[in-house]
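Peer 1: build me a model from this:
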Amino acid sequence: MTIGRRPLKAWPRVGRALRVTLDRLYALSLVASAISLLAIAGLVLAGMVARWFDMVLPSVDQLAGYCVAASIFLGLPAAMQANAHIRVTLFIDRAPPFLRQALEFLVLVIGLIVMLLLSQYAAAMVMMSWRYHLVSSGLLPVPLWVPQSTLVAGSAMLSIALLDRLFSLLVAHVPKSGS
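Peer 2: This next block holds a predicted model:
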């Protein structure tokens, strides 16, 4: 590949480095999601044990709810990378190859737009919660920006995963030069 008169020999190295970085990002999001799941299990277990001793742990349900949201949103990028999202393929599987590619492209673009908008509005919500020092209404006053940040992180990483998939779809179907 050349631009002007100079060959771009560094592109394969850049591509490999980017692939490694993205794979690490997806793995990190999966680890964060797993930690959230472990936190849910720990909170539920602590609540059960407390009830056995006629004690009440305040806000356990509230904290577990925040962890559920975190585990879902932080797990989305890794699920996208592993093709584990639930998809309705009734039409795509029966479409001819060219139409299948066009439908896949359209779905990825729409998903990317939706996730970018969600990321933008979620980030604005976090900034508002931070600026006005908003806290949860439960017994434990949790600063709302903390659990809301997982929504921003998960939706932003899913946007990156969608862009990654879109780029892979486009590059996979570009004819090689000299062929």
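Peer 1: helices or strands next to the helix or strand hosting residue 21 in the packing?
Peer 2: Following DSSP states H and E, one finds residue 21 within helix 11-52. On a contact count with 3 or more CB pairs under 8 Å, 6 or more residues apart in numbering; DSSP states H and E, helix 11-52 meets helix 60-81, helix 145-172. For every residue, glycine as well, the C-beta is placed using N, CA and C.
Peer 1: got CSV for these, with distance to residue 136 too?
Peer 2: Formatted as CSV, the helices and strands packed on helix 11-52 follow (distance: least, CB to CB, whole Å):
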stretch, distance to residue 136
helix 60-81, 6
helix 145-172, 8
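Peer 1: got the ones you listed as JSON lines, with distance to residue 131 and mean pLDDT columns?
Peer 2: Listed next are the helices and strands packed on helix 11-52 as JSON lines, based on distance: least, CB to CB, whole Å; pLDDT from 0 to 100:
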{"stretch": "helix 60-81", "distance to residue 131": "20", "mean pLDDT": "95"}
{"stretch": "helix 145-172", "distance to residue 131": "9", "mean pLDDT": "94"}
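Peer 1: before we move on, the earlier item: centre of the chain to the helix holding residue 21, how far?
Peer 2: On the basis of CA atoms, centre = their mean, to the nearest Å, helix 11-52 sits 11 Å off its chain's mean C-alpha point.
Peer 1: please renumber the chain so that the first residue is 12 from this point on.
Peer 2: Let's use 12 as the start, then, which means that last one is helix 22-63.
Peer 1: report the angle between it and helix 71-92.
Peer 2: For the pair helix 22-63 and helix 71-92, the angle between their directions (axes from the mean of the first three to the mean of the last three CA atoms, to 10 degrees) equals 150 degrees.
Peer 1: about what we covered before: which of the helices and strands packed on helix 22-63 sits closest to residue 123?
Peer 2: Checking the helices and strands packed on helix 22-63 against residue 123 by CB to CB gives helix 156-183 as the closest, at 4.4 Å.
Peer 1: residue 91 and residue 121, how far apart?
Peer 2: 14 Å (CB to CB, to the nearest Å).
Peer 1: so between those two, which is more surrounded?
Peer 2: Neighbours around residue 91 and residue 121, counted as other CB atoms under 10 Å, are more numerous at residue 91. The numbers are 22 against 11.
Peer 1: wait, the more buried one touches residue 171, no?
Peer 2: No: the pair formed by residue 91 and residue 171 falls short of the contact definition of CB atoms under 8 Å, at 9.4 Å.
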